[in-house]
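1. make a model of this:
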Amino acid sequence: MTQTQKSYLIDMDGVLLKGSTPIPGADAFLERLERRSLQYLVLTNNPVYTQNDLAYRLSSIGLTVPPLRIFTSAIATVSFLKSQRINGKVFVILGETLSYNFQLVTTAIRLIGQGARFIATNPDPSGPGEGGLVPACGAMAAMNFLGVHSENTVMIGDRMDTDIVAGVESGMETVLVLSDVTHRDEIHRFPYQPGRVLASVAEIDP
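-> Numbers count the residues shown, from 1 in each chain. This next block holds a predicted model:
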């Protein structure tokens, strides 16, 4: 029986890079995916930059990722909104930003008070300045974007509370890498567990 090829959803920050420094072996991992013509997406919670912007920034530190292989929280949010109300109107969406406008925040609070739905592109309570995870709905949106099924998809991330739980809830195979946020002795605290725990993506042979 021929083994079904896996597709990969890969968190950007903490898995491929830490700050502006590539994780050792991340470049070789991406090259293996491309060489074997495997489907994959690099995920980020950063809604500010376009796919082209992020591809350029990654290439500047030695990581080659085509723009269409990058899936941001902005793309996930748009996909989610279209699936909810294709002809609806958007009033309040909170995305990552470097500054907040007091008047806009006031307007948002008043709209929410009048019954507007509140949507945030990123569930992380804290995180590094660059990159990170997409919201839980982003995992499903990313699979739809690739046109793949959860049973043939692997979620690779460095956070138990977003990456791994999104993978588990979506029915994906999960790989936790210990290259940034999570330490091995923290894993047992969660009621769900990753399928595999590895030091970094350098150990993954897709």
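2. next, the buried residues of stretch 149-167.
-> Neighbour counts using 16 or more other CB atoms under 10 Å place 150, 153-160, 162-167 of stretch 149-167 among the buried residues. C-betas here are computed from N, CA, C, even on glycine.
3. quickly find the element holding V175.
-> strand 173-177 (DSSP states H and E).
4. helices or strands up against that strand?
-> strand 153-157, helix 165-169, strand 196-198 (3 or more CB pairs under 8 Å, 6 or more residues apart in numbering; DSSP states H and E).
5. I'd like to know which of those is closest to R110.
-> R110 sits nearest to helix 165-169 of all these, at 32.0 Å, using CB to CB.
6. can you name every helix or strand that that closest one contacts?
-> Using 3+ CB pairs under 8 Å, 6+ apart, helix 165-169 sits against helix 136-146, strand 153-157, strand 173-177.
7. output the ones you listed as TSV; include the columns mean pLDDT and distance to V197.
-> Listed next are the helices and strands packed on helix 165-169 as TSV, based on pLDDT from 0 to 100; distance: least, CB to CB, whole Å:
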stretch	mean pLDDT	distance to V197
helix 136-146	71	19
strand 153-157	94	11
strand 173-177	95	5
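8. for the ones you listed, which one sits closest to I23?
-> strand 173-177 (8.1 Å).
9. okay, the angle between the strand holding V175 and strand 153-157?
-> 20 degrees (axes from the mean of the first three to the mean of the last three CA atoms, to 10 degrees).
10. so how far is strand 173-177 off the chain centroid?
-> Centre-to-centre, strand 173-177 and its host chain are 13 Å apart (CA atoms, centre = their mean, to the nearest Å).
11. mind listing what it pairs with, with the direction of each?
-> With DSSP bridges as the test, strand 173-177 is paired with strand 153-157 (parallel), strand 196-198 (parallel).
12. put the alpha carbons of it into PDB.
-> Provided in PDB are the C-alpha atoms of strand 173-177 (Å, rounded to 0.1, in the frame of the first residue of the first chain):
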ATOM      1  CA  GLU A 173      -0.800  14.700  13.700                       C
ATOM      2  CA  THR A 174       1.100  17.100  16.000                       C
ATOM      3  CA  VAL A 175       4.800  17.800  16.500                       C
ATOM      4  CA  LEU A 176       6.000  19.900  19.400                       C
ATOM      5  CA  VAL A 177       9.400  21.400  19.000                       C
END
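13. which SS state does the residue nearest to N152 when sequence neighbours are not counted fall under?
-> The shortest distance from N152 to any residue other than its chain neighbours is 5.2 Å, reached at T4 (CB to CB, 6 or more residues apart in numbering). Here T4 is recorded as coil under DSSP: H, G, I helix; E, B strand; the rest coil.
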